[in-house]
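> Sequence and predicted structure, then a few things I'm wondering about:
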Amino acid sequence: MITAKKYLEVTDVKHTGGFCLKVQFNDGTAKEVNLSTLMKTPPPVFQPLKNEKAFAKISISPVGGIAWECGADLSAEYLRDYKDAK
């Protein structure tokens with residue numbers, strides 16, 4: 001029998017202030033992720049997120065990562081492995 005690989009997905013995300021997020025994953029782990037380093041020199045699609053109000057409007061994307069209204073998104077794997085993640 002072939003079984004499907006279980007992919008890492010974000011199950012909950014909360015803005016905790018500044019460029020910090022509390023992220024819960026489907027493997028039961030949770031991390032505080034500080035994206036300040038990314039936001040110092042953000043790629044063009046992340047530019048609107050330099051405004052904290054825009055950054056705070058975060059949601060879980062249909063593919064299991066996180067996304068913002070401006071079109072920026074990050075995968076669950078990126079968040080788990082991000083160097084500033086705790």
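Nice, thanks for sending it over.
> can we go C-alpha only for contacts and neighbour counts from here?
Will do.
> Now the phi/psi pair for Ala76, please.
phi -60, psi -40 (degrees, to the nearest 10).
> show me what contacts it?
Going by CA atoms under 8 Å, 6 or more residues apart in numbering, Ala76 touches 8-10, 25, 64-66.
> Output the contacting helices and strands for the strand ranked longest in the chain.
Looking across the chain with DSSP state E, the single longest strand is strand 10-17. If contacts are counted by 3 or more CA pairs under 8 Å, 6 or more residues apart in numbering; DSSP states H and E, strand 10-17 sits against strand 20-25, strand 58-60.
> Deepest-packed of these, please.
Neighbour counts averaged per stretch over the helices and strands packed on strand 10-17 are highest for strand 20-25, at a mean of 20; criterion: mean count of other CA atoms under 10 Å.
> For the most centrally placed residue in the chain, give the beta-bridge partners.
In the chain, the residue lying closest to the centroid (CA atoms, centre = their mean) is Ile66, at 4.5 Å. Per DSSP bridges, the residues bridged to Ile66 are Ile60, Leu74.
> so what's it up against?
Contacts of Ile66 (CA under 8 Å, 6+ apart): 10, 13, 58-60, 73-76.
> can I get the residues you listed in TSV with distance to Met39 and pLDDT?
TSV is the format used below for those (distance: CA to CA, whole Å; pLDDT from 0 to 100):
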residue	distance to Met39	pLDDT
Val10	21	98
Val13	18	98
Ile58	15	97
Ser59	18	98
Ile60	19	98
Asp73	13	98
Leu74	13	98
Ser75	16	97
Ala76	18	98
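> Model confidence at the residue nearest to Val63 when sequence neighbours are not counted, what's the number?
Spatial nearest neighbour of Val63, excluding adjacent residues (CA to CA, 6 or more residues apart in numbering): Glu9 at 7.7 Å. On the pLDDT scale, Glu9 is placed at 97.
> burial count for Glu9?
As a burial measure, Glu9 scores 21 neighbours (other CA atoms under 10 Å).
> do the one 10 residues further on as well
Other residues within reach of Phe19, judged by other CA under 10 Å, total 19.
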